[in-house]
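Peer 1: sequence and computational prediction follow.
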Amino acid sequence: MMLTQSKRKLRQTKTYKLTMIALLACLCVVSTIVCVAVGSVEYTVQQVMEALFNEEAEARLIIWNIRFPRVLCGGIVGICLSLAGCILQGVMRNHMASPSTIGVTSGASFVGYMMLLAFPQYYHMLPIGAIIGSFATTMTIYVLAYDKGVSPVKMILSGMAVSAVFGAFNDMIKIFFSDRLADATGFMVGSLNGVSWDDFRLVLPYVAVGVFICFFLPSKMNILMLGDEMANTLGLRTERFRLFLIAVSSLLAGTSIAVAGMISFVGLIVPHIARLIIGSDYKYLFPTSILMGYSFVVICDTIGRVILPVGNLAVSVVLSFIGAPFFLYLLRKKDKNG
């Protein structure tokens, strides 16, 4: 009992939190180098560093043009979904909320499919379309769950219903228009196969804006966690702030979908583990989620690349194998806690 209390006190110290963030930052660097090095052709750390900084290096073509942009895009996906999950869990005050569990990714993917079908020549506009789809889906769920305030339980249930509807539409599109979407296989299955520097440059501005905004949110997010009545007493306009948070989470989730299609569970798993490690203070929760999300998706994508002797698994498949049991664990834990 005393040992448990001492651990809790340790987690509350600023030194502990900053140390954990520093260790996670180191993990990001290590995972980047290792995941670039491994694959069908393996390289040493020295060869990786040489290829990254020397244009004449023998391994430059594979490392710089193929693996490195894939790792960076995977990191972007992890960052965006982790932050979006953190925000949505705060908005709904429910740790089971995430872009995938409430249907945001399904709605954004539907808009992405429609853009690829109707305007394939405007591929560079895909992030904007996915962001609009994400925002529209989240607002639909918000309206469905609103009744003199927002019930977190109603939002989760409404999100599951909306997710099922958009999921059905997405499956129909895949069946009837598979030939016209042949060049977008990665987007359809939730994969980082074929991503390049062009994809990285395409979404980088949206990621930068989303992450930049998040660094100004922690104090108000912490106030929102106190409950609507207390937050209003402290001067926070809760409904207006929730709408703003929905817009930010839509920006982040839509950006992720534009890179890799519909990827599930990152926004559920990472914020939950980050809370266990660092606590619920958003001042530390946001940077922890950013670093954990980056490493988590990059490592899972690399596992998908190397686990099969021929070909590779989409990162969405690897994440589903991890995420589905974790979701069930959260449900059982919630039941035990009443």
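Peer 2: It's in. Numbers count the residues shown, from 1 in each chain.

Peer 1: how much space separates the residue nearest to S109 when sequence neighbours are not counted from I322?
Peer 2: Residue nearest to S109 in three dimensions, not counting chain neighbours: M262, with 4.5 Å by C-beta to C-beta, 6 or more residues apart in numbering. Every C-beta, even on glycine, is put in place using the N, C-alpha and C of the backbone. Using C-beta to C-beta, to the nearest Å, we find M262 at a distance of 16 Å from I322.

Peer 1: over to H95?
Peer 2: To I322, H95 is 17 Å away according to C-beta to C-beta.

Peer 1: now swap in I290 and tell me
Peer 2: According to C-beta to C-beta, I290 stands 19 Å off from I322.

Peer 1: neighbour count: the two, which is higher?
Peer 2: I290 (25 against 15; other C-beta atoms under 10 Å).

Peer 1: which helix or strand contains the more buried one?
Peer 2: Using DSSP states H and E, I290 falls within helix 282-306.

Peer 1: that helix - contacts with which helices or strands?
Peer 2: If you count contacts as 3 or more C-beta pairs under 8 Å, 6 or more residues apart in numbering; DSSP states H and E, helix 282-306 packs onto helix 14-37, helix 68-92, helix 218-224, helix 266-278, helix 315-336.

Peer 1: which helices and strands does the last one pack with?
Peer 2: I take that to be helix 315-336. If you count contacts as 3+ C-beta pairs under 8 Å, 6+ apart, helix 315-336 packs onto helix 266-278, helix 282-306.

Peer 1: what about the last one, average pLDDT?
Peer 2: The pLDDT scores in helix 282-306 average 94.

Peer 1: now that helix against helix 68-92, angle please.
Peer 2: 140 degrees (axes from the mean of the first three to the mean of the last three C-alpha atoms, to 10 degrees).

Peer 1: same check, this time on the first one
Peer 2: Taking the same axes, to 10 degrees, one finds that helix 266-278 is oriented at 80 degrees with respect to helix 68-92.

Peer 1: just how off-centre is helix 266-278 within its chain?
Peer 2: Helix 266-278 sits 11 Å away from the centroid of its parent chain (C-alpha atoms, centre = their mean, to the nearest Å).

Peer 1: with stretch 196-214 instead?
Peer 2: 13 Å.

Peer 1: what residues does L224 make contact with?
Peer 2: Neighbour list for L224: G90, V91, A231, L236, T238, F241, R242 [criterion: C-beta atoms under 8 Å, 6 or more residues apart in numbering].

Peer 1: any idea which of the residues you listed is closest to T138?
Peer 2: V91 (8.9 Å; C-beta to C-beta).

Peer 1: any idea how far the most centrally placed residue in the chain is from P309?
Peer 2: Centroid check for the chain by C-alpha atoms, centre = their mean gives L81 as the closest residue, at 1.3 Å. The gap separating L81 from P309 is 30 Å, by C-beta to C-beta.

Peer 1: residues touching the residue lying closest to Y206 once chain neighbours are set aside, list them.
Peer 2: Spatial nearest neighbour of Y206, excluding adjacent residues (C-beta to C-beta, 6+ apart): T255 at 4.3 Å. Neighbouring residues of T255 by C-beta under 8 Å, 6+ apart: I76, C80, P127, A130, I131, V203, Y206, V207, G210.

Peer 1: thought the fifth one was touching V203?
Peer 2: Read that as I131. No: I131 lies out of contact with V203 (C-beta atoms under 8 Å); the separation is 10.3 Å.

Peer 1: neighbours of M221, how many?
Peer 2: Other residues close to M221 by other C-beta under 10 Å number 22.

Peer 1: nearest residue to it other than its sequence neighbours?
Peer 2: Of all residues not flanking M221 in the chain, Y282 sits nearest, at 4.1 Å (C-beta to C-beta, 6+ apart).

Peer 1: I figured that neighbour hits Q89, correct?
Peer 2: No: contact between Y282 and Q89 fails when scored by C-beta under 8 Å: they sit 10.6 Å apart.

Peer 1: now do the SS call for A136.
Peer 2: Under DSSP: H, G, I helix; E, B strand; the rest coil, A136 falls in the helix class.

Peer 1: that one and G227, how far apart?
Peer 2: From A136 to G227 the distance is 28 Å (C-beta to C-beta).

Peer 1: those two: which is more packed in?
Peer 2: Comparing A136 with G227 by other C-beta under 10 Å, the one with more neighbours is A136, at 16 against 12.

Peer 1: dump the residue contacts of that one.
Peer 2: G107, V111.

Peer 1: any idea of the pLDDT on it?
Peer 2: For A136, the model assigns a pLDDT of 88.

Peer 1: against I278, how distant is it?
Peer 2: Taken as C-beta to C-beta, the span from A136 to I278 is 33 Å.
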